[in-house]
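K.L.:
Next one to model:
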Amino acid sequence: MNHLCQLPDELWLSHIFEYLLGPVSKYKDEVEKWLFIRTLREIQAKIFKFDFDNLKGINSLSCICSDLRNRLFVSDFDNLGDFTVVGNFWLNVSNLVELTNYFTRFEDFSGLYLTYGDLYDHEALNMALIQTTLENIEMGIQSSASSMANTCIKADIYNDLYEMEAKTVMSNIETDFEERMSHMITSKSKYLKIREKTGISVYELFVYKAHIMSLEMVPNFDSEKRVESYYLSYHNNEHTLLSLQLSSKKLGEGCLGLILDEFNEQDLEICKKYLSITAVTIWSTITSVNFSNSLQYLSLVITLQEYNEVNDMLQGCHFPNLKLLSIALEDEEHISRDKERYMLIEKNLLENIKKSTFPKIIHLSLKRFFDYESISKIEVLDQLICLELISGYWGYNEEQIFVWKDGQVMQMLNDTYFKEGSDNCMQLLIIYNTIDTRWIDGELELMENFYNNCKERCFAGSISHSSVKEYYSNCNE
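P.N.:
This is a model prediction of the structure:
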């Protein structure tokens, strides 16, 4: 043990950790400065990836002795207040994992065909413009005019699409994409802000992102999945952050994740063993509970019922180490028909997402929340590096909701992340938008304004992939 503790830091980083993680030092200089398209495409091709067993191996090294743990996993700064060599290493690896996770989002999303469906010529052209905007900004690519025209099989828009393609300058698209991805990088100054607000060490930041990558959690995020219509109930399996083979419905089976059909306080002792929990709960069940340090990812599916009182859900709870919180409201009994009551439920829950309850939260996902004014007042917004707002198509009174067109989205952002002097840690902001041109919410101009404002504030904005999957489900109607 003592011999291991005496090994120099450079040997640990360059040989032992790189053996477990891959060629991370290859990208060190570029990740710290500007991400060129060549590097991005290499990362997109998954040249850098490791599995969960390797991550467990690294974590086990931290148990060898306290001195080694402090050197390699705890201490980010030297006596002069500068980053240590080890701190720089983990920040670099954390950023590479962040980029890998970003590109994972597009694995089942390549080859868009938004011109497909029962559309008039002008509608097909509008969908082509939306597709081009999504591809240019979020993926750094552009589909050919012929592929979009052939998809919609409308000869009258061929010339418009080819004219649009002729004006495209790919070098400009790639440069803008390089800048966008550079905003996904956690700089030293941004990390210092994250640490100041949450107390998260740079190694903790790496582990949070590495779990998402190695356990393939990205496809399970609500921003990636179709938002079901109001008359369809949710199933807890649809909200697991871990894949089903890594989760169990039976307590004590040794899986990493636990799925609870009904949450109660008796489960808490056993819950201490799990990294991720998915809980389907009746409103007002979870109050005054202290959760385990092991729990880092929590998905709550909150079932609303007619007889429920509007109580202080999560009031008095404490999640000391939770990094990602996903909350979905399940409205089986159509409580949203009573707009005032549904809004009261939203407001009550959002008010209890506090720093004292979630001191280390950096990723928040809200599904079927429509009250953007209350969202703008969530206490933890300034410490998040990722926020997903997935309202869906159906809103109050079982009618389509227009949160973009009515100005609610931009007003919320102007009061928070777009506000001059805003002191936040945001890196990726994902918002749902009904993009079907036949009943579109946020028009193309609004979307472009959203993207540009995010770019000016040095973080990446994204229209949720659930928006596109929702369009695919309706485009034949």
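K.L.:
How far does the helix or strand hosting residue 56 sit from its chain's centre?
P.N.:
According to DSSP states H and E, residue 56 maps onto helix 52-61. Computed by CA atoms, centre = their mean, to the nearest Å, the chain-centroid distance of helix 52-61 equals 24 Å.
K.L.:
That helix: what's the following helix or strand?
P.N.:
Once helix 52-61 ends, the next helix or strand along the chain (criterion: DSSP H and E) is helix 66-69.
K.L.:
How about the next helix or strand after that next one, which residues are buried there?
P.N.:
Heading C-terminal from helix 66-69, the first helix or strand you meet, by DSSP H and E, is helix 85-104. Going by neighbour count (16 or more other CB atoms under 10 Å), the buried part of helix 85-104 is 86-104. For the C-beta atoms, the positions are set from N, CA and C on the backbone; glycine is no exception.
K.L.:
what's helix 85-104 packed up against?
P.N.:
Judged by 3 or more CB pairs under 8 Å, 6 or more residues apart in numbering; DSSP states H and E, helix 85-104 is in contact with helix 9-11, helix 28-32, helix 37-44, helix 202-214.
K.L.:
ok, and what's touching the shortest one?
P.N.:
This means helix 9-11. With contact meaning CB atoms under 8 Å, 6 or more residues apart in numbering, helix 9-11 is reached by 71-72, 84-86.
K.L.:
ok, 6 Å please
P.N.:
Outside of helix 9-11, the residues within contact range by CB atoms under 6 Å, 6 or more residues apart in numbering are 85-86.
K.L.:
for the longest one, same thing?
P.N.:
When contacts are taken as CB under 6 Å, 6+ apart, the neighbours of helix 202-214 outside the stretch itself are 51-52, 55, 73, 76, 87, 90-91, 93-94, 97-98, 100-101, 323.
K.L.:
can you give me the offset of that helix from its chain's centre?
P.N.:
Averaging C-alpha positions (CA atoms, centre = their mean) puts helix 202-214 13 Å from its chain's average.
K.L.:
Then stretch 135-145?
P.N.:
Relative to its parent chain, stretch 135-145 has a centroid offset of 21 Å by CA atoms, centre = their mean.
K.L.:
Give the rounded mean pLDDT of it.
P.N.:
For stretch 135-145, mean pLDDT rounds to 87.
K.L.:
Now the terminal residues of that stretch, how far apart.
P.N.:
With CA to CA, to the nearest Å as the measure, stretch 135-145 spans 13 Å from end to end.
K.L.:
all strands for the stretch 251-400 of the chain, in order.
P.N.:
257-260, 276-282, 297-303, 324-330, 363-367, 386-390 (DSSP state E, counting those that start in this stretch).
K.L.:
what's the spacing between residue 363 and residue 391?
P.N.:
According to CB to CB, to the nearest Å, residue 363 stands 18 Å off from residue 391.
K.L.:
for residue 451, same thing?
P.N.:
Taking CB to CB as the measure, residue 451 falls 19 Å from residue 391.
K.L.:
picking that back up, looking at the strands of the stretch 251-400 of the chain, which has the lowest confidence?
P.N.:
With a mean of 66, strand 276-282 has the lowest mean pLDDT of the strands of the stretch 251-400 of the chain.
K.L.:
picking that back up, could you export the strands of the stretch 251-400 of the chain as a markdown table, including mean neighbour count and distance to residue 5?
P.N.:
Listed next are those as a markdown table, based on neighbours: other CB atoms under 10 Å; distance: least, CB to CB, whole Å:
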| stretch | mean neighbour count | distance to residue 5 |
| --- | --- | --- |
| strand 257-260 | 22 | 34 |
| strand 276-282 | 22 | 33 |
| strand 297-303 | 24 | 32 |
| strand 324-330 | 23 | 33 |
| strand 363-367 | 22 | 34 |
| strand 386-390 | 23 | 36 |
